[in-house]
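>>> Using only what follows, build the 3D model:
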Amino acid sequence: MSRKRILIVDDDADQQQALAIRLRAAGFDTAFANDGMQAVALARRDKPDLVLLDIGLPGGDGFVVIQRLKAMSQNRVLPFVVLSARDPETNRERMLAAGAEAYFQKPANNEELLATIRQLMGEPAEQAKTA
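The predicted structure is shown next:
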């Protein structure tokens, strides 16, 4: 069985690496995009199983990334999990309305984040507890 791939979209290299370590330890492959334009291009080319997305990005913010990828027919079922340090009162509902399946405030609880990712990918939730 091939490992599922998560596209991490964040312009903070430290945040990318921290997430990659957690996700790889949980059995996922990861890819990275540093800005909105790169995220759209990589998602189109590599077809990840899930996008873990920051809101504040150069080259098109998280809202633009979701809109562009949702508009592409091959990615309409692509789940998005937003992980942001921005004010959740202002952004949570807007991101969910744009098509995100979940919204987490940075720093996110690792167990909750992994459980949500596994659920969105159709994997058993108990695996998240052992990761």
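>>> mind listing what the closest residue to Gly59 other than its chain neighbours touches?
In space, and not counting its chain neighbours, Gly59 is closest to Asp35: 3.5 Å by Cβ to Cβ, 6 or more residues apart in numbering. Heads up, the C-betas are built off the backbone N, CA and C, glycines and all. Taking Cβ atoms under 8 Å, 6 or more residues apart in numbering as the criterion, Asp35 is in contact with Asp11, Leu57, Pro58, Gly59, Gly60.
>>> same thing but 10 Å
With contacts defined as Cβ atoms under 10 Å, 6 or more residues apart in numbering, Asp35 is in contact with Val9, Asp10, Asp11, Ala41, Leu57, Pro58, Gly59, Gly60, Asp61, Val65.
>>> Can I take it that Gly27 is in a helix?
No - counting by DSSP: H, G, I helix; E, B strand; the rest coil, Gly27 falls outside a helix, being coil.
>>> ok, it touching Arg118?
Yes - at 9.4 Å, Gly27 and Arg118 qualify as touching, with contact defined as Cβ atoms under 10 Å.
>>> tell me which helix or strand of this protein sits lowest on mean pLDDT?
Within the chain, no helix or strand scores below helix 126-130, which has a mean of 46 by mean pLDDT, DSSP states H and E.
>>> most centrally placed residue in this structure?
Leu52 (1.0 Å; Cα atoms, centre = their mean).
>>> buried sites along the helix or strand hosting it?
For Leu52, the host element (DSSP states H and E) is strand 50-53. Under the neighbour-count criterion of 16 or more other Cβ atoms under 10 Å, strand 50-53 has Leu50, Val51, Leu52, Leu53 buried.
>>> what's the answer for stretch 43-56, then?
Buried positions in stretch 43-56, judged by neighbour count with 16+ other Cβ under 10 Å: Ala43, Pro48, Asp49, Leu50, Val51, Leu52, Leu53, Asp54, Ile55.
>>> The fifth one pairs with what?
When bridges are called by DSSP bridges, Val51 pairs up with Leu7, Phe80.
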